[in-house]
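J.: just the structure for this:
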Amino acid sequence: MKPVFIWFLLSLLICGFGLSSFAAVPLDPEVNIARLQYEGGGDWYCDPSSIPNWLEAFERRTGIKTAKNEVVVTLDSEKLYKYPFLYMSGHGRVLLDDQELDELRIWLAAGGFLYADDNYGLDASFREMVANLYPDSPLIPLPATHPIYHSFYDLPVLPKIHKHDGEPAQGFGVFHEGRLVVFYTWSSDIGDGLEDAHVHGNPPAVREAATQMAVNILMYALTHP
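T.: Numbering: from 1, shown residues only. Just a heads-up that it's a prediction; the model follows:
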């Protein structure tokens, strides 16, 4: 995409992203990523350098103005509807009560997009969370032809950053009324690949693959409200 077109598109999204719930709360003038703080014992705060690096790379590569640092929100936060893009990760358990599930469901229906990245250990409880969130809309594998893999960079597959158990990286989605509202990356570790180079010692090619996928995810969310 050309930067001029992206700026035009982004201006439309900022002015009218989502439905009435987002329209009622002014969005930040810069694209930002809100990290979800959740209960259950999982380290929701993992990979602290990943989001600042993600935001910086997105602005540099697309020309779209981003914030410099992430924000942290809970599902009962008044700030939630300022941020249409929500990120969650961790190694352990995630636990949302019924009220939080209701709020997340409303937020997604209003135009929000949730990206979850399993940091090796989140999988079982995240799948349980999704089953409670949308009992009739399970996680389904997304084919390599899905636009999320081609929204800015043309990627053949979801990149695999860390070995874990040796399983191939897989991307899953949840659709609500025909729209992808949840994207979940498993056995991939995109967040680790976005961290500062010295943290995990990933080679440049691996970190570049993670960055390209992260740019695609955020671009997809911006262009498919």
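
J.: next, His91: phi, psi?
T.: phi -100, psi -10 (degrees, to the nearest 10).

J.: and for it, the neighbour number?
T.: Residues within reach of His91, counting by other CB atoms under 10 Å, total 14. Quick note: C-beta positions are derived from backbone N, CA and C, even for glycine.

J.: with the one 5 residues further on instead?
T.: In terms of burial, Leu96 registers 20 neighbours under the definition other CB under 10 Å.

J.: quick check: the closest residue to Leu194 other than its chain neighbours vs Thr223, distance?
T.: Nearest residue to Leu194 in three dimensions, chain neighbours excluded: Ser50, at 3.8 Å (CB to CB, 6 or more residues apart in numbering). Applying CB to CB, to the nearest Å, the value for Ser50 to Thr223 is 22 Å.

J.: give me the more crowded residue out of the two.
T.: Neighbour count, other CB under 10 Å: between Ser50 and Thr223, Ser50 has more, with 26 against 15.

J.: quick one, what contacts that one?
T.: Gly191, Asp192, Leu194, Glu195 (CB atoms under 8 Å, 6 or more residues apart in numbering).

J.: ok, Val199 next?
T.: With contact set as CB under 8 Å, 6+ apart, Val199 has these partners: Asp47, Ser49, Asp192.

J.: among those residues, which one has the most neighbours?
T.: Going by other CB under 10 Å, Asp47 tops the contacts of Val199 with 24 neighbours.

J.: per-residue confidence for that residue?
T.: Asp47 is assigned 94 on the pLDDT scale.

J.: just Val25 next, same as before
T.: If you check Val25, the pLDDT there is 58.

J.: tell me the mean pLDDT for the host helix or strand of Arg127?
T.: In the assignment (DSSP states H and E), Arg127 maps to helix 123-133. Across helix 123-133, pLDDT averages out at 97.

J.: which strands and helices sit next to whichever helix or strand comes after it?
T.: Heading C-terminal from helix 123-133, the first helix or strand you meet, by DSSP H and E, is strand 140-141. Contacts defined by 3 or more CB pairs under 8 Å, 6 or more residues apart in numbering; DSSP states H and E place strand 140-141 against strand 170-176.
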